Each structure stands twice: as structure tokens, then as C-alpha cells.
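# Return a 3D structure for these sequence lines:
(2 chains, ligands or ions: 2)
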Amino acid sequence: MRPLTFPRGIHPRDHKEATNAKLIEDGPLPDVIILPLQQSAGACCLPAVDSGDKVLVGQKIGDSEALIAAPIHSPVSGTVKAIEPRPHHTGLKLSSVVIESDGQQKHVECKGLSANPSPDEIRRKVRDAGIVGLGGAAFPTQVKLDPPKGQEIVSLIINGCECEPYLTGDHRIMVEEPEQILDGMLLLMKAVEAENGYIGIETNKPDAIEAMIAVTEKYPDIEVIALEEKYPQGSEKQLIEAILDVQVAPNMLPCSVGALVQNVATSIAVSKACRDGLPLVERVITVSGNGIATPKNLRVAVGTRVSDVIDFCGGTRDQVVKLILGGPMMGTTLVGREAPVVKGTSAILALTNDEIAKVDVHPCIKCGKCVEVCPMLLLPYRFGAMVEFGVFDELEDNHIFNCIECGSCAFICPSQLPLVQYIKLGKYSLAQSREKSRSA
Amino acid sequence: MTEEKLKISPAPHIATTETVENIMYSVIYSLIPAGIVAGYFFGLRAIALIITCILTSIATEYVFQKVRAKPISVFDGSAILTGFLFALTLSPRLPFYMAMIGAVVAIGIGKQVFGGLGHNIFNPALVGRAFLVAAFPVAMGSWYQPLTRFGVLTDASTGATPLALMKFEFETTAISSMFFGQISGALGETSAAALLAGAAYLFYKGYIEWRIPFGLVGTVAGVSGIMWLIDPGRYPDPVFSVFAGGLILGAFFMATDYVTSPITPVGKLIFGIGGGLLVVVIRLWGGMQEGVMYGILLMNALTPIINRYTRPTTFGVKQ
Ligand code: SF4
Ligand code: SF4
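Numbers count the residues shown, from 1 in each chain, chains lettered A, B, ... in the order given. Ligands and ions are numbered 1, 2, ... in the order given. Next up is the predicted model:
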């Protein structure tokens, strides 16, 4: 069968060859762990420990009463050194729990669920384990498992696209731990009482497709879907469009079309939580780019500093121009190596000059390429002009809030206009003016 | 740890290597076959005319940017391209000073007064030509028989273009002559083969898109074909209509100008078909023998409106 896909999108060079055949290794066991209290979309956690407290692996160190929030746990045993602002990948200093490891890795007592848990039990476990979407958005998973009344989830889609260049963590997980992905998937399907399960994988990962087909063969309601290699294939709305052939309306969630999308790594986290009672304290990341001496796929403790991870990979070589947390299309540039890996971190990339975009900005020549590639059917060049000339009221009419900030338009623009920056600025200004009119 | 000099910037961090310069220069290269054929049939003077137009365009762009204290970008390729395209619309023996005036108008009025690259409404090369047609109608309407090899066009005899022959004397010209360029006409209008070779290269590079050129050519062929079927004695056949005059040059190189044509796919089709209708109407029933220039200029004027009304429906909204 021809691989499925969504219309439009781009084909950046995938750069995955440096790590896509490398086994996942256990990362460093750092002396110091830094856990920002904000690690998911939604509310910031409050610390559940005090400076000087002893903690164990898996112990909860932060939580929040808010509806959209996920608790945070310690990946090491040791002592809480401080609760203070520390460097974060956003460039800000964010309140973080700093833990000094004692190197013993003593665990709290973990208990899994019964062999046949109820949907409610699964949802509660997912929350207690602090599971968030590991694809990058870090949205608390249990919220997605609890759709609004009247909306039923029919299809669960496990996202194994990994469409960002360089990234291979999800690829390796699928090759190395397909049974556990399947187990998590079955638990998730149960939690939302879904009828069908799909696993979407891009065709540039034939071994992953094979591995997932092998473990799911006996399940008639689960199907592995080969998807065209294209960015942003792994975006939720695009994935749903490719597999289910429906479009999610603006400002609506996937559950409005009966779909739930979860990343492959999230699926494993769900399995570990439900079977062994393990909270989310580690994740697989890709460390790559020409600036990394030995690129690797690593299983690292959440809270490990970027510097510790890079040192573990032999340090940097050549002149690193950009250090990026996440993929090259949507990741954030770092100001230094002090920031920690958080739950939503998929990669650490050290890119050299010949790998990154050269910025040579020209006026928009109306070539239409941004329009051709925009997966959300927007007119990106218009946002640039509107923001530049300050005509913010037209932005909404042009559906700026439907933009998923995938960066396809900026990638393809021959004038190298910072279109995503314009769009973010436009969204921000619009939100501000709405706020103002509400308070007036 | 030593302080690292890391670059901080918003995503995305990678980009295509395609630049504005790549695109502009590719279009320039794609016109070179047409330039060479012009030299072959109309002599070295034709080449000199092309070079004059290009240099004048660059100089005009430079002066405007200097005066307006804008960054100097005369070698981004867009001025060279405008000069080249403009030259290809001229009669081979047009006096040099007229060509220079036209090039100044093309860049100055056609482009820079609107704010430079990306901001103009009309195709600059056609603005230059339209100005000359109004200012020097006789010189702009004098055409010459081509030579058959490189030479100096001094004793060349005047000759009517195929469209003029058709319109005023009901005489058709052999298609093969029109295809290879052995006809009288503007420098770049004569050889469809050279132009199509250039266009093929641009398609291959993905720099032009089928909707506008094929919309235009298809409409001209279709409508004039219908007229020909109705009255073959009075109207030219569709193949003639396609290869005569500036249609190929206009459809593939002028109407496809990014800045002055619609961005949306549907808009491009409307632009092409609308332009094609205008060309046929002007050619068959208008006072002029050729309608490509005005057809495109009129569609340029409609482009903002076409863009507005053909905006794609955003993702997730039912039509
Ligand atoms: S406008 Fe938004 S959704 Fe469309 S390509 Fe650009 S970043 Fe992606
Ligand atoms: S890709 Fe860039 S130059 Fe082309 S229309 Fe879009 S914003 Fe303008």
C-alpha cells in the first residue's frame, strides 16, 4: 500500500544517519539533578519537599491541584540541596528543585496495577506517575484521557512519525521495545475505551515498521500505518488527517473527531507506570549534530544538565554555533549548558555553521512557497506583512490561531523571513488586545 | 567551563538553501538561449541592446536605493532580470537612448516608486515597454526582417510581424519559422524554441508553476481555436495564435513574475485564464495587433483582488 500522508508540508534533509542504527544507551548518573517545577503545559507545581530533605528514586517532589498539571518525581536518591531559580532552556531562571545524588539509587516502593485494571485506575495511575506527552508538547496525558462529556474516543493513534530531522529516539524505542509500546497502547485504548488503534510510522524507519507489525499481528483492531516521510507528519492534526482522513476544526481538540494521539515514548511510560508503578523520571533523547563528538541515543534522568549529557557523548567538537534543545524545526536555542533535560526534551543538538540556516533576509517576493507548504492552509506571508505594519485586527480574520508553528513556511522562504517569529508576535499581540478589551 | 558564543534565535534552525538570488539568476540564465537566438537573427546590435538595458536597469536601481538611503541590492538579480526581459520586448533596431529611457522607467516607475523589490503592482519590464509604446509609437512599431546569421543589422529591410501580417493582410506565417525564430518581431518574441527551452529549465527547478502559463496559453489556443473553427478564413488557427507575437515570452516569463501575480493556486489559474481572454480579445477585435502586454498589465492590477477572494479555507473549516 502507498504510504499515507497529509497534503502540503516540506522535505528537509533528515540527518538521522548519525544515530538511527545506534542502540539506546544508559546515560550518565549525574551528581546533581535540577528539576524545574514547571515541566508540562498547564500549571506550575508547588514543591512537595524542603531543602535538606532526603529523597528516594520515584519520590514526588512537586505537584499541583490544578486540573492541567502533572506531578514531578526524583530520578535519584539523595538530598534536596535547594529550591531556587535555575537556568532553564527558555533562557529564564525558573524555580527548580536541586537534588544532590548519593549514588545509591534507592527506590521508593513502587506498585503496579492489577493485571486487568479499570479505565479509572489507569487514568489515576497515569496522573500519579506524572506522565506528559513526550513528543515535545508535554501536555499532561491524563487530561487527554478524560475527554469532555459527549465526546467519545474511537481511535487511538500512537505517534511514531518522529518527523523532526536528527531525532531518532522514538525510532530506536520502536525497534528495541515494541512489546512495551504495544502494552502501553492496549492500556491507553482501555482507558478511553477506544475501538481502533493505529501506529503511524514514517517510511524512513522500515525496521521500526517491521518491529511494530511483528508485535501487533495478533491484534485485529490494531494497525500499523506507513506514512510518507514529510514534515510535519508528526503534528497531531496532520497525523489525524493522514490516518483518519478528517480535519480537526480550529480551536478544537482531537477528541472532537473521536481521536486521541499519544507518542510512542508516552505509551512506554504508561506501561511502566501501570505494570511496575514507576513514575516518569527518565526519557530517551537523541544527542546529535556535527558538533557532538559521539552522537548517541541516551536514556537520561529528567533533570540531568545538558553539560553532563554532552560530556557523556565525548564533548563537543568543531565550532558549535547553536545548541538546541529539541529538534531543529521547533526546538529552542540554549544560552549555555546549564539548563536541564526536562520531560518534554526530545534531543540535544550541537549544530555547526554549515548545518544551520544562513540568515540573509530579503523582502517578500510573493513567491507563494510558504502558502504551498503550509499544512494548515494559511497565508503565512500575509502574517509577516500584517505584523510588520501593525494591522493586528486582520490577523484573526486570517486564522492566525490555527497556525501550529511548525516552521515549514520559514524553512521554505527564499527571502528567509522570520515568519514564525512574526506569527508568535502576532498571536501575542492579539491575546494582549483581547485581554485589554475584556478588562475594559 | 569557558563561555560559549552560542547563537540564540527562534526556530526553525534549518532552512532550504534556495535564495532570492538563486531564483532570480536562474530566470536570467533561462533567458540566455533567447538572447543568443536574438543575436543570431538580428546581429550584434541586438546583444548590445540587451546589455544596454541591463546596465541601465542596474544603474537606475542603484541611484534610487542611494537616494532613498536603502541598502544597495542591485545584484540580487531582480534588476538584471527586469532589464533583460524589457530588452526582449523591444524592436531590434530601437535607438539606444530610447531603450535606456525605457529601462529607467521600468525600474524607477515600475518598481522603485512602489518601494522596491516585492512591493510593485505591475510587471516592471512591461511598464517600461508600455511607456515606450506611448512615447515613441513609431520606433516601437517598426519591425525588421531577421538576418540568417550573426551580422550587423544595417541594411536590413523592414518587415511586418506575423500578427500584423495576419491582422492586416490575412497572411499566415509558417509555424516552423515562428518556432525557430526566423520572423520579424521583438528580440525575444521570435524564437519559441529558445524561450520554451528556458521555461523547461524553470519548471525543472520548480521556479515557475503551470497554472499561469498554461492557463494563459491554453485560453488563447482554446478561444482562438473556436473562432478559427467558426470562420477559418478570417481568424488564425490556434497554433499560429500561440506561437505568434509575445505570447510565449509573456506567458512563461512575464505573467509568472511572483511579485505581480497571485499567490494562491486558484488565483493563479484565474490570472492565467483572464489574461488569455484579454489577449485574444485585444488581438482579434482590438485596435492593436498584439495584446499580451496589456493583458498581463491588466491582470497585474487585479492581482490583489484575486488574492483576496481566493484565500484558501483554513484547515478544519468546512467549505
Ligand atoms: S503558518 Fe504556521 S502552520 Fe503554516 S507553515 Fe507556517 S508555522 Fe506552519
Ligand atoms: S515564501 Fe517568503 S518570499 Fe515567498 S511568499 Fe512566502 S514570505 Fe514571501
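# Residue A:421: neighbouring residues, count only.
16 (other CB atoms under 10 Å in any protein chain shown). Heads up, the C-betas are built off the backbone N, CA and C, glycines and all.
# before we move on, what about residue B:51?
14.
# show me where the stretch 1-150 of chain A has strands.
Using DSSP state E, counting those that start in this stretch, the strands of the stretch 1-150 of chain A run over residues A:24-26, A:32-36, A:46-47, A:54-55, A:60-63, A:72-73, A:78-87, A:93-101.
# The ones you listed into CSV, with extra columns for distance to ligand 2 and mean pLDDT?
Shown next, in CSV, are the strands of the stretch 1-150 of chain A (distance: least, CB to the nearest ligand atom, whole Å; pLDDT from 0 to 100):
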stretch, distance to ligand 2, mean pLDDT
strand A:24-26, 38, 94
strand A:32-36, 35, 95
strand A:46-47, 44, 93
strand A:54-55, 51, 94
strand A:60-63, 42, 93
strand A:72-73, 41, 95
strand A:78-87, 34, 94
strand A:93-101, 34, 94
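# Return the most buried member of these.
Most buried of the strands of the stretch 1-150 of chain A, by mean neighbour count (mean count of other CB atoms under 10 Å in any protein chain shown): strand A:72-73, with a mean of 28.
# ok, it: who's next to it in the sheet?
Here strand A:72-73 is paired, per DSSP bridges, with strand A:60-63 (antiparallel).
# still on that earlier bit, between the strands of the stretch 1-150 of chain A, which one is nearest to residue A:17?
Residue A:17 sits nearest to strand A:24-26 of all those, at 16.7 Å, using CB to CB.
# chain center to the closest one: distance?
19 Å (CA atoms, centre = their mean, to the nearest Å).
# again, but for stretch A:268-288
13 Å.
# List the buried residues for that stretch?
Neighbour counts over stretch A:268-288 (16 or more other CB atoms under 10 Å in any protein chain shown) mark A:268-275, A:277-288 as buried.
# among the strands of the stretch 1-150 of chain A, which is nearest residue B:201?
strand A:24-26 (46.9 Å).
# Tell me the helices and strands packed up against the closest one.
When contacts are defined as 3 or more CB pairs under 8 Å, 6 or more residues apart in numbering or on different chains; DSSP states H and E, strand A:24-26 sits against helix A:169-176, strand A:296-301.
# ok, the last one: who's next to it in the sheet?
In this case it means strand A:296-301. strand A:24-26 (parallel), strand A:282-288 (antiparallel).
# Throw these into TSV and include distance to residue A:183, thanks.
Formatted as TSV, those follow (distance: least, CB to CB, whole Å):
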stretch	distance to residue A:183
strand A:24-26	18
strand A:282-288	17
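# which stretch of helix or strand covers the closest residue to residue A:144 other than its chain neighbours?
Spatial nearest neighbour of residue A:144, chain neighbours left out: residue A:260 (6.0 Å); criterion: CB to CB, 6 or more residues apart in numbering or on different chains. Under the criterion of DSSP states H and E, residue A:260 resides in strand A:259-263.
# do the same with residue A:191
helix A:178-192.
# Just want the most central residue of the chain.
Since no chain was named, I'll use chain A. Centroid check for chain A by CA atoms, centre = their mean gives residue A:136 as the closest residue, at 1.2 Å.
# hmm, I had chain B in mind actually
residue B:254 (2.9 Å).
# That one touches residue B:126, doesn't it?
Yes - using CB atoms under 8 Å, residue B:254 makes contact with residue B:126 at a distance of 6.1 Å.
# Find residues that contact each of these two.
Here residue B:254 and residue B:126 have residue B:296 as joint contacts, going by CB atoms under 8 Å, 6 or more residues apart in numbering or on different chains.
# Checking residue A:364 next. Helix, strand or coil?
Using DSSP: H, G, I helix; E, B strand; the rest coil, the structure places residue A:364 in coil.
# if I look at it, how far off is chain B?
Computed as CB to the nearest CB, to the nearest Å, the residue A:364 to chain B distance reads 5 Å.
# Backbone dihedrals for the residue nearest to residue A:230 when sequence neighbours are not counted, please?
Nearest non-adjacent residue to residue A:230, counting by CB to CB, 6+ apart: residue A:9, 4.5 Å away. Phi and psi for residue A:9, reported as degrees, to the nearest 10, are phi 100, psi 180.
# Let me know the angle separating the helix holding residue A:191 from helix A:169-176.
Relative orientation of helix A:178-192 versus helix A:169-176 (axes from the mean of the first three to the mean of the last three CA atoms, to 10 degrees): 110 degrees.
# What helix or strand is the residue of the stretch 51-200 of chain A found nearest ligand 2 located in?
Proximity of the stretch 51-200 of chain A to ligand 2 (CB to the nearest ligand atom) peaks at residue A:165, 19.6 Å away. Taking DSSP H and E as the definition, one finds residue A:165 inside no helix or strand.
# wait, what's in contact with it?
With CB under 8 Å, 6+ apart, residue A:165 has these contacts: A:12-16, A:231, A:327-329, B:14.
# before we move on, the earlier item: name the helices or strands packed onto the helix holding residue A:191?
Checking 3+ CB pairs under 8 Å, 6+ apart, helix A:178-192 ends up next to helix A:119-128, strand A:155-160, strand A:196-202, helix A:206-216, strand A:259-263, helix A:264-276.
# starting at the chain centroid, how far to that helix?
19 Å.
# and it, average pLDDT?
Helix A:178-192 carries an average pLDDT of 95.
# Equivalent analysis for stretch B:302-318, please.
pLDDT averaged over stretch B:302-318 gives 91.
# Other residues contacting that stretch?
Contacts of stretch B:302-318 (CB under 8 Å, 6+ apart): A:237, A:247-250, A:252, A:371, A:375-379, A:398-399, A:402, B:121, B:260-267, B:270-271, B:274, B:319.
# do the same with stretch A:6-23
A:165-168, A:171-172, A:176, A:204-205, A:229-233, A:238-239, A:241-242, A:286-288, A:295-297, A:328-329, A:355, A:372-375, A:377, A:408, A:411-412, B:14.
# ok, now which ones touch the residue nearest to residue A:57 when sequence neighbours are not counted?
The shortest distance from residue A:57 to any non-neighbouring residue, by CB to CB, 6+ apart, is to residue A:107 (4.6 Å). Residue A:107 sits next to A:56-58, A:77 when contact means CB under 8 Å, 6+ apart.
# Kindly reformat those residues as CSV containing neighbour count and pLDDT.
Putting the contacts of residue A:107 into CSV (neighbours: other CB atoms under 10 Å in any protein chain shown; pLDDT from 0 to 100) gives the following:
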residue, neighbour count, pLDDT
A:56, 17, 95
A:57, 22, 94
A:58, 21, 93
A:77, 20, 94
